[in-house]
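# Provide a 3D model corresponding to the input given below.
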Amino acid sequence: MSISDAIWKSATLFVDATIEEAISNLDKVGIRIILVTNRDNTFVGTVSDGDIRRGLLKGMLLKDPIEPVVNVNALVVPPQMDRDMVMQLMLANKVQQIPIIGKDESITGLHLWDDVSVASPKENIMVIMAGGKGTRLNPHTVNCPKPMLEVEGKPMLKHIVERAQSEGFNNFFFAIHYLGEMIEAYFGTGEKFDISVGYIKEETPLGTAGALSLLEPQSTLPFVVTNGDVITDVSYRGILDFHNRHKADATMAVRVYEWQHPFGVVETDGIEITGFDEKPVIKNYINAGVYVLEPGCLGLLQKNQVCDMPELFERLKNAGKKVLAYPMHEPWLDVGRPEDLDKLRNNEKT
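Model prediction:
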């Protein structure tokens, strides 16, 4: 989402404008950047307060043209680039403004961090699987459900919710079973956190997909599902946009897992040695525990019947549905063991 045309157009100056005019513009418009064009309105570059200060330190005068201080290598993006990619570019390049430049080299808009970082609300629901007993995390989970284990003073589940909230998700369902009353007591209806929370209550554990058979009311839009013990920086909005863009029926976030063979591998053809591979690194995609599903996918589940998500994807594939992998590179941690919890508390997502 870019700012209004009126704002960025008021922050536009011709390349022969003066330093004095640029300073006045920065004060008047207040977005900390000037967009510079030629007289034919083609984009030249940008000028910031810092650019002007450096020019003055070099002896430039207020009546001098701004051309020598224009950043002609300014980072720009095309009009079709989505919000999440713009945010990533801003973070990676430590900038708060990025001009939008069309094919004819003219300015078509301007992204500002303050606008891009505020996500528009999403009507899509998010289901968080929070019913597991977390036996491997004993003794931490003897009296506390795994998603409620605290990291930096708040439950893991709250971290997941807050990240989703930052991307515009406000409607949640928690699938609960083991010590689920603790989750209900903490979140309630979600009102105190400015979200809506409903509960899917499993009488017995139904697996990472089976609980969805109890989802009421069923969603009319594609919805995000995540495991309550997966802490990641992946964009939930990003995987949803990917799913919609590719018209998928089901999308699974996947992550590259590398494993180095401890021995040198001998390659053979029958009894003939054909080569050697010294301690090869084997790469595979693993299930990252974040999904997007179309509402129709729930038709392949039977109410109160156990089903894990890989099995549901297998059923969908066999039914001729379009199932896709969303490769992710963001930090990620599946908190299944005490050492995983220690990593998370020490901010060691991989």
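# against residue 258, how distant is the spatially most central residue of the chain?
Centroid-nearest residue in the chain, with Cα atoms, centre = their mean: residue 235, separated by 1.1 Å. Using Cβ to Cβ, to the nearest Å, one obtains 23 Å as the distance from residue 235 to residue 258. Glycine gets a C-beta too; all of them are placed from N, C-alpha and C.
# what's the nearest residue to residue 244 if we skip its chain neighbours?
Excluding the flanking residues, the one nearest residue 244 by Cβ to Cβ, 6 or more residues apart in numbering is residue 222, at 6.7 Å.
# do the same with residue 335
Here the residue nearest residue 335, using Cβ to Cβ, 6+ apart, is residue 229, at 4.5 Å.
# what's the answer for residue 319, then?
Going by Cβ to Cβ, 6+ apart, residue 319 has residue 300 as its nearest residue, at 6.7 Å.
# and residue 231, by the same measure?
Closest to residue 231 by Cβ to Cβ, 6+ apart is residue 333, at 5.1 Å.
# low-scoring pLDDT stretches of this protein, where are they?
1-3, 117-119, 348-350 (pLDDT under 70).
# tell me the contacts of the residue nearest to residue 335?
If you count contacts by Cβ atoms under 8 Å, 6 or more residues apart in numbering, residue 229 has them with 132, 134, 146, 147, 156, 289, 334, 335, 336.
# one more: residue 169?
So residue 169 contacts 122, 124, 125, 126, 224, 236, 237 (Cβ under 8 Å, 6+ apart).
# looking at those, spot the one nearest residue 40.
residue 237 (37.7 Å; Cβ to Cβ).
# ok, the closest one - contacts?
Residue 237 touches 83, 84, 119, 122, 167, 168, 169, counting by Cβ under 8 Å, 6+ apart.
# re the thing from before, tell me which of the contacts of residue 229 fall in strands.
Judged by DSSP state E, strands contain the following of the contacts of residue 229: 289, 334.
# relative to residue 35, how far out is residue 168?
28 Å.
# the two: which has the busier surroundings?
Neighbours were tallied for residue 168 and for residue 35 using other Cβ atoms under 10 Å; the higher tally belongs to residue 35 (23 against 17).
# for residue 249, see how far away the closest residue to the more buried one other than its chain neighbours is.
Closest residue to residue 35 apart from its sequence neighbours, by Cβ to Cβ, 6+ apart: residue 12 at 4.5 Å. The gap separating residue 12 from residue 249 is 45 Å, by Cβ to Cβ.
# same check, this time on residue 328
Going from residue 328 to residue 249 by Cβ to Cβ gives 19 Å.
# in this protein, which spans are helices?
Under the criterion DSSP state H, the chain contains helices at 5-10, 19-29, 49-57, 83-93, 113-116, 156-166, 180-187, 207-210, 236-245, 309-318, 338-345.
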